[in-house]
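Q: Structure for this input, please:
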Amino acid sequence: MHADLADRLIDAETRERLTTLAELDPDLVVDDFRTPRAAAALRETEVIVSCWGCPPLDEEVLAAAPRLRAVIHAAGSLRHHITDACWRRGIDVTSAASANALPVAEYTVAAVLLAGKRVLRMREDYRRLRTPYDWQDGYRAAGNYRRIVGIVGASRIGRRVLELLRPYDLDLLLHDPYVDETEAARLGARAVDLDELCATADVVSVHAPELPETRHLVDRRRLALMHDGATLINTSRGSLIDQRALTEELVTGRLDAVLDVTVPEVLPADSPLYDLPNVLLTPHVAGSLGNELHRMAAAAADELERYTRGRPFAHAVSREEAVRSA
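A: Residues are numbered from 1 along each chain as shown. Model prediction:
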């Protein structure tokens, strides 16, 4: 992982647990497998605990790690370091994607509820008026009673969002090509196609993986289907939205947006998205941040304990799942 990440990721309790479960040097943090110290450790390594910044585990690295049997990833996406060579070798892989999904889902739920209250618009009106005003009359359409929320993608995060939204008085829609009506109902939502979801929902929240077929999944035509005043939330990947078309819609003020991801990250300094009053723009922080990193490290320790006891991983990832993941 990144050299400076370990101390932020692993708190004292989890560090002690890891060193109790395995022969582990807590001071060895590798971001380059070619260094002499890393190469010496690889020769004896049975399990790698990885996180953001882990170099690719390619044929050369695996050849230098003859005893390697498992990779426990203390984060979500595996795309940057789990290569085809790992799957050919039969390396067992697990990730903390479920642990990382929770803060993203919590961020999304907060955004959904604030969107229903029309907080972005109300903040600007309050800032402008600065006098007594009949907010009940001015915001008759605001509120979260029977608001329609559309979830795009029944990913780990999408499912967690549905679970967290279930107690509220909301009507939930779901679009996912791999989920049928029965499964959607079990998740507390009604299965619909994406056009219907965009045209119907007051809030559209995107949780699909970044794949060639999902690029610009929400394109200019589907943005135009969204009704005036609807809110688009994106905590997945910026490429899933046609950002130029979205920016044009947002500049008119017709839609609101909560965007934690963009293309590129970071946006150019002259992007209007920084200053639009109907946009909440955050720098890809919906996932684990600050002390939430400790949850991912604890999840990795749980998986290491299962491994040491000869039990299967609770969150094992197959090659097929890795291809479809974010």
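Q: Identify the residue spatially nearest to Ile48, adjacent ones excluded.
A: Val71 (4.9 Å; C-beta to C-beta, 6 or more residues apart in numbering). No exception for glycine: its C-beta is placed from N, CA and C like everyone else's.
Q: next structured bit after the longest helix belonging to the chain?
A: Assignment by DSSP state H gives helix 97-116 as the longest helix of the chain. Sequence order places helix 119-129 as the next helix or strand after helix 97-116, per DSSP states H and E.
Q: And the average pLDDT for that next one is what?
A: Averaged across helix 119-129, pLDDT comes to 96.
Q: try stretch 193-208
A: The pLDDT scores in stretch 193-208 average 98.
Q: Just checking the distance from it to the centre of its chain.
A: 18 Å (C-alpha atoms, centre = their mean, to the nearest Å).
Q: and if you look at stretch 161-178?
A: 17 Å.
Q: hmm, back to that, in the longest helix of the chain, which residues are buried?
A: 97-105, 107-109, 111-116 (16 or more other C-beta atoms under 10 Å).
Q: report the angle between the axes of that helix and helix 119-129?
A: What separates the directions of helix 97-116 and helix 119-129 is an angle of 40 degrees, with axes from the mean of the first three to the mean of the last three C-alpha atoms, to 10 degrees.
Q: by contact count, what packs against helix 97-116?
A: helix 156-165, strand 203-206, strand 231-234, strand 256-259, helix 293-308 (3 or more C-beta pairs under 8 Å, 6 or more residues apart in numbering; DSSP states H and E).
Q: Quick one: list the elements packing against the third one.
A: Spelled out, that is strand 231-234. Looks like strand 231-234 contacts helix 97-116, strand 203-206, strand 256-259 (3+ C-beta pairs under 8 Å, 6+ apart).
Q: Following element in sequence after that strand, please.
A: Assigned by DSSP H and E, the successor of strand 231-234 is helix 243-252.
Q: residues in contact with that next one?
A: 218-220, 223-224, 232, 255-257, 262-263, 271-273, 276, 278-279 (C-beta atoms under 8 Å, 6 or more residues apart in numbering).
Q: Weed out the non-buried ones from those.
A: Looks like the contacts of helix 243-252 have Val218, Leu223, Leu232, Leu255, Asp256, Ala257, Thr262, Leu273, Leu276, Asn278, Val279 buried, using 16+ other C-beta under 10 Å.
Q: Find the pair from those with maximum spatial separation.
A: Val218 and Leu276 (17.9 Å; C-beta to C-beta).
Q: doesn't Val71 make contact with Leu62?
A: No. Assessed by C-beta atoms under 8 Å, Leu62 is found out of contact with Val71, at 10.6 Å.
Q: Pick out whichever of these two has more residues nearby.
A: The residue with more neighbours, out of Leu62 and Val71, is Val71; 21 against 18, by other C-beta atoms under 10 Å.
Q: Correct me if wrong, but the more buried one is in a strand.
A: Yes. Assigned with DSSP: H, G, I helix; E, B strand; the rest coil, Val71 falls within a strand.
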